[in-house]
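S.K.: can you look at this prediction? I've put the sequence above it.
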Amino acid sequence: MALFPFCKQPSGPVRKTRLQLVLYCFLLSLIIYFLQGRKASVRVESPHPFFHALGEDSGQEMADMTVVKAAAPKTPQETPWGAPLVWGNTRNSAWRRAKFTQRGVRTGLLVLVVGTYARFIQRFLSSAETHFLPGQMVTYYILTDNPRSLDPSMELGLERELKVVPVAELPGWDRLAYRRMALLVDAIKNEISSEVQYLFCADIDQEFVAPVREEIFGDLVATLHPELYGMPQNAFPYEVEEASSACVDDDEGDYYYTSEFYGGLVSEVHRLAQACSLLILQDQAKGIMARGLEESYLNRYLIDHRPTCVLSPEYSCWDSALTADVPVQRLVSLGRQCEASDMKMKAQYRC
Ligand SMILES: CC(=O)N[C@H]1[C@@H](OP(=O)(O)OP(=O)(O)OC[C@H]2O[C@@H](n3ccc(=O)[nH]c3=O)[C@H](O)[C@@H]2O)O[C@H](CO)[C@H](O)[C@@H]1O
Ligand SMILES: [Mn+2]
C-alpha cells in the first residue's frame, strides 16, 4: 500500500515548511493505513476473456496482499526484447507511418486460394484496396489452382497490380498446411524477390475492416494470436512432442503468433518460409505433423528469430468469447468468425 495516498501540494495563504508538510502527510497516511487494516485492494486487469471468466478483472478484492501491483498496460508498446508492439491508433504508430510514407516502397500481399476458398477472393481484395496500405504501391500475388476464379478482373487503384501464380494443389487445409511454406519459397524465388521490398502473407478467408498502414513495416513482422494474447506462457499451444521439429521447451517462447498474417522484408520472409518448410519436411519424413499444423512451425521459427515488429491482435481478430478485446479491429478472420457465430451474427458477417 502506498504510504502517502492523500498528499497534495498546499494552496492558500498559509505556507508550511517542507518538513511540517512531510510530517503531516506521514501521520495522516499512517492513521489511514491502520484504520484500513492490512488488507489491500488489488485490481488486476487482464486483456483476455479467460481472466474475465475467472472474475479477476471485476475489481474483486484479494485479501492479504500488502503490495499494490500496477496493472499491466492494456496496449503495451514494446515487447520484452524491445521490438515495437503495434496498435494502429497510438502515437508510436503515427510516428512509424510518418517514417515510411516518405519513401516509395513496393509491397506484396500474398494469398493462397485453392478450391472452394475462391469464394473469399473478391471480398478480400476489395477490402484490401480500401484498407491495406492505401496510397502505397502494392502487388497482390494470388497463388491459385484456378486462375479463372479471378474473373471478372477487379479494377485496382493507382500503383496497385495483381499477379496470378498458378499452383497445382488439391484443396483441404490438412493437405495445404504441408505445402503453403514451400509454395511461398518458390514464389519468392521465381518472381517476388525482384519485384517488391516487403511481403505480407495472409489467409484469404479474411477481410480488412479498418486501415492497415505503414505502421506494420518491419524486417520480420508477426501478429499476436487473438485467442492467446494475454494468456500465461504455459497456456500457449506450442508443439510439445519431442520428436517434432516444432517442439518448444517449457522455458521457451514469449508470445503465440497466428499464421493468418505475417511478413517483413522479402529476404526475411524467404528465410522464414525456407526454414519452416524444412522443419515440416523433416516431420513429414518421420510421419508426424505438429498439433497446430503450419502455425506450430511458424512459432518455433519465431522463438529462434524474434520478430523485429509485433502486430497486436488488431491485425488478426474476430468476435468470440475467447478473443481479446482490441481498441480497433483491422483484419478480421471471416472463417473463424463464422465458425464462432450464431445465426444472427453469421448473417451480419455475410458468412
Ligand atoms: C479448413 C479448416 O480446417 N479451417 C479451420 C482452421 O482455420 P485456419 O485459419 O487455420 O485455416 P484456413 O481454413 O483459413 O486455411 C488457411 C488458408 O489456406 C488456404 N486454403 C485452405 C484450405 C483450402 O481448401 N483452400 C485454401 O486455399 C486459404 O488461404 C486459407 O485462408 O482453423 C480454424 C480454427 O482455428 C477453423 O477450425 C477453420 O475451420
Ligand atoms: Mn483462416
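M.R.: Yes, it's here. Ligands and ions are numbered 1, 2, ... in the order given.
S.K.: where does the stretch 201-350 of the chain have low pLDDT?
M.R.: For the stretch 201-350 of the chain, not a single residue meets the criterion pLDDT under 70.
S.K.: now the strands for it?
M.R.: Here the stretch 201-350 of the chain has its strands, by DSSP state E, counting those that start in this stretch, at 206-208, 220-224, 257-265, 309-311, 331-333.
S.K.: winner for burial among those strands?
M.R.: Counting by mean count of other C-beta atoms under 10 Å, strand 220-224 has the highest mean neighbour count of these, with a mean of 26. To be clear about C-beta, it is placed using only N, CA and C from the backbone, and glycine gets the same treatment.
S.K.: so what are the sheet partners of that one and their directions?
M.R.: strand 257-265 (antiparallel), strand 309-311 (parallel) (DSSP bridges).
S.K.: quick one: distance of it to the chain centre.
M.R.: Centre-to-centre, strand 220-224 and its host chain are 6 Å apart (C-alpha atoms, centre = their mean, to the nearest Å).
S.K.: can you give the contact residues for it?
M.R.: With contact meaning C-beta atoms under 8 Å, 6 or more residues apart in numbering, strand 220-224 is reached by 200, 255-258, 260-265, 268-269, 272, 298, 302, 305-313, 315-316.
S.K.: where does this structure come near ligand 2, residue by residue?
M.R.: 203, 205, 335 (C-beta under 5 Å from the ion).
S.K.: and for stretch 285-301, what's in contact with it?
M.R.: 173-174, 177-178, 180-181, 222, 236-241, 243-248, 253, 256-259, 262, 272, 275-276, 279-280, 283.
S.K.: typo on my end, stretch 145-163
M.R.: For stretch 145-163, using C-beta under 8 Å, 6+ apart, the contacting residues are 113-115, 118, 121-122, 125-126, 129, 136-142, 144, 164, 166-171, 191.
S.K.: just the buried residues from those residues, in PyMOL please.
M.R.: A single PyMOL command selects the buried members of those (16 or more other C-beta atoms under 10 Å):
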select buried, resi 113+114+115+118+121+125+129+136+137+138+139+140+141+142+144+164+167+169
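S.K.: go back to the contacts of stretch 145-163 and keep what's next to ligand 1.
M.R.: Contacts with ligand 1 are made by 113, 114, 115, 171 out of the contacts of stretch 145-163, judged by C-beta under 6 Å from any ligand atom.
S.K.: picking that back up, just the ones in helices from the contacts of stretch 285-301, please.
M.R.: If you go by DSSP state H, the contacts of stretch 285-301 have 173, 174, 177, 178, 180, 181, 272, 275, 276, 279, 280, 283 in helices.
S.K.: is it true that the last one touches residue 242?
M.R.: Read it as residue 283. No - assessed by C-beta atoms under 8 Å, residue 283 is found out of contact with residue 242, at 12.0 Å.
S.K.: higher neighbour count, the two?
M.R.: Between residue 283 and residue 242, counted using other C-beta atoms under 10 Å, the more crowded position is residue 283 (22 against 7).
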